[in-house]
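[1] Here is the input, now give the coordinates:
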Amino acid sequence: MARALRDVAGRADVMHSNSLWMMPNVYPAQAVAGTRSRLVTSPHGTLSAWALRRSRWRKQLMWLVCQGKAVRATDCFHATSQAELEDIRRLGLTAPVAVIPNGVEVPDDATSNSHPDGPKRLLFLGRVHPTKGVDLLLQAWRVIQDKCADWELQIAGPDNGGYLPKMQRAARDLALKRIYFTGPVYGRDKGLLYRSASLFVLPTHSENFGIAVAEALAHGVPVITTRGAPWQGLETNNCGWWIDCNVDSLADTLQTALCLSDQELREYGQRGRTWMQRDYSWSCIGARMLDTYLWLLGGGSAPDWVDAT
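    Here you go, the predicted model:
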């Protein structure tokens with residue numbers, strides 16, 4: 001891979017590297033050295049305080065040996081949120097940062113949110129990993145499950161490092177009711193799962209973006225997520241709740257949301273879908289990224305979304 005990237009760098013205008021902390025994230029900086037190719041780096045949340053604390057000593061060693069040098073060689077960073085821009089600047093990195101969110105596919109029609117034959121569905125969809133706050137969700141569900149008997153909780157997503165069995169045991173130990181672990185879903189099945197949900201929840205500790213939040217909103221599903229994710233727009237667009245990352249806050253918010261009528265939840269969801277169509281469609285995001293590349297190559301005034309300080 002390292003050899004192939006060096007060959008490509010001799011012909012490419014821009015090389016765009018995604019994520020950090022593996023050798024394939026170091027090779028691009030080595031490849032572009034001494035060429036006209038410009039390097040763009042998307043950390044994808046790997047520079048957040050939460051992420052840096054995980055495997056701390058290994059990351060500090062890799063930073064000293066090679067990753068730090070590769071990051072400092074970046075001509076422009078791509079951050080998916082203002083919070084990630086702040087993570088980059090907190091490490092003393094001074095290269096320009098383009099703040100461009102991830103794009104999302106907005107389906108032609110929104111979820112029906114209809115459940116004539118059973119309980120309404122509260123959905124978590126994502127990796128079952130300590131970062132995602134599934135343990136907080138289980139504890140909050142224990143608090144409200146008897147108050148919201150017309151709801152069920154579905155946890156969908158792949159196991160990450162053996163954490164799923166731990167959460168399944170925790171659910172049994174807490175004597176949780178109407179909770180289902182359904183494993184990973186992809187493609188059409190994932191779209192159908194969003195359509196079956198009346199409310200989406202992501203109680204994450206740290207998220208540079210949170211694509212599942214955007215996907216849920218694009219399907220017309222209102223969202224509850226924590227301040228560990230950069231989704232304060234849920235409040236300004238009145239399509240969900242952006243809360244503190246603890247069990248009490250999550251339980252209180254869940255009870256409030258689960259007591260809303262079907263019509264009120266659909267109105268929340270429709271406002272979120274309109275927001276995604278306006279600001280997060282791929283046509284919008286792709287145009288911004290292309291303009292960033294062209295500015296990086298041609299110079300001139302930086303686009304409005306680029307922090308060049």
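[2] mind listing the strands for this structure?
    Remark: strands assigned in the chain by DSSP state E are 14-18, 38-42, 76-79, 97-99, 120-125, 151-156, 179-183, 199-202, 223-226, 240-243, 306-307.
[3] contact partners of the first one?
    When you say that, I think you mean strand 14-18. Identification of contacts with strand 14-18 by Cβ atoms under 8 Å, 6 or more residues apart in numbering yields 5, 8-9, 25, 28-29, 31-32, 37-42, 44, 78, 293, 296-297. Every C-beta, even on glycine, is put in place using the N, C-alpha and C of the backbone.
[4] List the strands paired with that strand, with their directions.
    Using DSSP bridges, the strands paired with strand 14-18 are strand 38-42 (parallel).
[5] can I have the partner strand written out in PDB, keeping just the CAs?
    In PDB, the C-alpha atoms belonging to strand 38-42 read as follows (Å, rounded to 0.1, in the frame of the first residue of the first chain):
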ATOM      1  CA  ARG A  38      -1.900  18.100  -1.500                       C
ATOM      2  CA  LEU A  39      -2.900  16.100   1.600                       C
ATOM      3  CA  VAL A  40      -6.300  16.300   3.200                       C
ATOM      4  CA  THR A  41      -7.000  14.500   6.500                       C
ATOM      5  CA  SER A  42     -10.400  13.600   8.000                       C
END
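[6] which ones are touching residue 85?
    Residue 85 neighbours (Cβ under 8 Å, 6+ apart): 79, 97, 99, 307.
[7] which residue sits closest to it in space, ignoring its chain neighbours?
    Excluding the flanking residues, the one nearest residue 85 by Cβ to Cβ, 6 or more residues apart in numbering is residue 79, at 4.5 Å.
[8] Can you check what pLDDT the model gives that neighbour?
    For residue 79, the pLDDT comes out at 93.
[9] Please apply the same query to residue 210.
    81.
[10] ok, now which ones touch it?
    202, 204, 225, 229, 230, 231.
[11] could you redo the last one with a cut-off of 7 Å?
    Going by Cβ atoms under 7 Å, 6 or more residues apart in numbering, residue 210 touches 202, 204, 225, 229, 231.
[12] now those in TSV, with neighbour count, distance to residue 289 and pLDDT?
    As requested, those are exported to TSV (neighbours: other Cβ atoms under 10 Å; distance: Cβ to Cβ, whole Å; pLDDT from 0 to 100):
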residue	neighbour count	distance to residue 289	pLDDT
202	24	25	96
204	24	25	92
225	28	25	96
229	26	22	82
231	27	21	90
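[13] which one of those residues is nearest residue 56?
    residue 204 (19.6 Å; Cβ to Cβ).
[14] so which of the contacts of residue 85 is the most crowded?
    Neighbour counts for the contacts of residue 85 (other Cβ atoms under 10 Å) peak at residue 79, which has 28 neighbours.
[15] now it: how far from residue 97?
    Separation of residue 79 from residue 97 (Cβ to Cβ, to the nearest Å) stands at 5 Å.
[16] so what sits against both of these two?
    85, 88.
[17] Under the pLDDT cut-off, which ranges of this structure? List them.
    Within the chain, the stretches with pLDDT under 70 are 109-117, 208.
[18] Where do the helices of it begin and end?
    Ranges of helices in the chain, per DSSP state H, are 2-9, 27-32, 49-53, 56-62, 68-72, 82-90, 134-144, 163-173, 187-196, 211-218, 233-236, 247-258, 262-279, 282-298.
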